[in-house]
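# Pasted the sequence and its predicted model underneath.
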Amino acid sequence: MDDSRDVLPEDVPLIRAKVVRPFHRFFYHIKRRTIFRSADQLVDWKSCDLIHASTFFSDGGVSYKAFRKYHIPYIITVRGADVNHFLRLLPHAWLSGWRILLHARKIVFVSKALMDKFSASWVIRPILSRIQHKFILQPNGIDDFWCENVRREMSDNQKVLYVGDFTDNKNVGRLIEAVVALRKKPRFSQLQLTLVGGGRNETDDILRLIEQNGDAVRYLGSERNKDRLRDIYREHSIFAMVSLHETFGLVYVEALSQDLALLYTKGQGIDGLFGPEVGVASDPYSVDDIERGLEKLLEERGSFTNENIDFEQFRWSSIAARYQRIYEEELGE
């Protein structure tokens, strides 16, 4: 369900147009034309001073067409799908991508890892020197609840926590395998993984792994109550999520706010956003490397802390204020 109306002020218009179809995923130019034609009928472009495209290729493509036709400046936000799907798999969209980037006023990234991966792409390298000055790093925010309940006191036990869906991308199966393998070492015989969340396409497989490894893994189901979730975080020493692909991962910051050490994906999500004091990055495709990461976190738990992290930077009101400054700069206000 689209709950956008619930978070928008009443004086902000919301226009819905269900024009995108599944086949558009493979026909970029048709998708862009379809969306723009619909927007051209529904949007009063004369009332627009600036466009913020929430994705590079899809929304950015529509914004570029509006720029060419109506001369409205635009900024774009680059997402994981832009880098992992469009830049890798859709060569027919690359030339359009160059045009979008060259004419954008600003190019926003929600994580440093995504910015680095984008910059390293051989598709982007030919124009990198012409667009790099537009780059802005602006991470996503977390619910105010976590900013108001920051904990600066670490737990020291052998309890690892995962919070999220059970999908192929979240890689929960390899995390379970790593925990089970590490438990075979006598000094980690008390190691236990707690899973919170579930659902999606990997659920049956994960539930089978839980049943097979009941001593090592416990499953608490989904938890929506923030107070209860906070208490669950605080019962654990380490938060582990080694997704195959991760644009940002708000749950890392939630866990960090409760002073858990983090195991995260190398080259994805929050990698590079913080210093080495918050956790360890692992190769998500290697059970051995995930195991090594967990072992390092457990053996050096006292070295990992959130002591120097200002969580106010992740408050949505602070992020909104920064975006407002960016908009005002582009509009010359």
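Cool, the structure landed.

# ok, now which ones touch the spatially most central residue of the chain?
The residue lying closest to the centre of the chain (CA atoms, centre = their mean) is residue 248, at 2.2 Å. Contacts here follow CB atoms under 8 Å, 6 or more residues apart in numbering; on that basis residue 248 touches 110, 111, 114, 139, 140, 269, 270. C-beta here means a position set from N, CA and C on the backbone, and glycine is covered the same way.

# The third one: neighbouring residues, count only.
Counted with other CB atoms under 10 Å, the burial measure for residue 114 works out to 26 neighbours.

# Give me the secondary structure label for it.
Assigned by DSSP: H, G, I helix; E, B strand; the rest coil, the conformation of residue 114 is helix.

# contact partners of stretch 116-128?
So stretch 116-128 is contacted by 78, 82-83, 87, 94, 97-98, 101-102, 109, 131-132, 267, 272 (CB under 8 Å, 6+ apart).

# one more time with 7 Å, if that's ok
78, 83, 87, 94, 98, 101, 102, 109, 267, 272 (CB atoms under 7 Å, 6 or more residues apart in numbering).

# which of these count as buried?
Among the contacts of stretch 116-128, those buried by neighbour count (16 or more other CB atoms under 10 Å) are 78, 83, 87, 98, 101, 109, 267, 272.

# Can I get those in a markdown table including distance to residue 326, pLDDT and secondary structure?
Below are the buried ones among the contacts of stretch 116-128 laid out as a markdown table (distance: CB to CB, whole Å; pLDDT from 0 to 100; DSSP: H, G, I helix; E, B strand; the rest coil):
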| residue | distance to residue 326 | pLDDT | secondary structure |
| --- | --- | --- | --- |
| 78 | 15 | 96 | strand |
| 83 | 21 | 93 | helix |
| 87 | 24 | 91 | helix |
| 98 | 23 | 97 | helix |
| 101 | 17 | 98 | helix |
| 109 | 13 | 96 | strand |
| 267 | 27 | 92 | coil |
| 272 | 22 | 93 | coil |
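
# got those as CSV, with distance to residue 241 columns?
Listed next are those as CSV, based on distance: CB to CB, whole Å:
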residue, distance to residue 241
78, 22
83, 19
87, 24
98, 34
101, 30
109, 20
267, 14
272, 16
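
# between the contacts of residue 248, which is nearest residue 282?
Checking the contacts of residue 248 against residue 282 with CB to CB, the nearest one is residue 269 at 11.7 Å.

# in what helix or strand does the closest one lie?
According to DSSP states H and E, residue 269 maps onto no helix or strand at all.

# Nearest residue to it in space, please, no chain neighbours.
Leaving aside its sequence neighbours, residue 269 sits nearest to residue 246 (CB to CB, 6 or more residues apart in numbering; 3.5 Å).

# Quick one: which of the contacts of residue 248 is the most crowded by neighbours?
Counting neighbours by other CB under 10 Å, residue 269 leads the contacts of residue 248 with 28 neighbours.

# Tell me if I'm right that that residue and residue 252 touch.
Yes - counting by CB atoms under 7 Å, residue 252 is a contact partner of residue 269 at 6.5 Å.

# And the helices in the stretch 51-200 of the chain?
With DSSP state H, counting those that start in this stretch as the criterion, the stretch 51-200 of the chain has helices at 58-70, 80-81, 87-89, 94-103, 112-120, 128-131, 144-147, 172-182.

# Check the stretch 201-333 of the chain too.
203-212, 226-234, 250-257, 287-299, 316-331.

# By average pLDDT, which secondary structure element in this protein comes out worst?
Within the chain, no helix or strand scores below helix 4-7, which has a mean of 56 by mean pLDDT, DSSP states H and E.

# Following the chain onward from that helix, which element is next?
For helix 4-7, the succeeding helix or strand toward the C-terminus, using DSSP H and E, is helix 28-42.

# What is that next one packed up against?
On a contact count with 3 or more CB pairs under 7 Å, 6 or more residues apart in numbering; DSSP states H and E, helix 28-42 meets helix 58-70.

# what residues does the helix it packs on touch?
For helix 58-70, contacts defined as CB under 7 Å, 6+ apart pick out 31-32, 35-36, 39, 45, 51, 53, 72-74, 76, 96, 99-100, 103-104.

# what about 6 Å?
32, 35, 36, 45, 51, 53, 72, 74, 76, 100, 103 (CB atoms under 6 Å, 6 or more residues apart in numbering).
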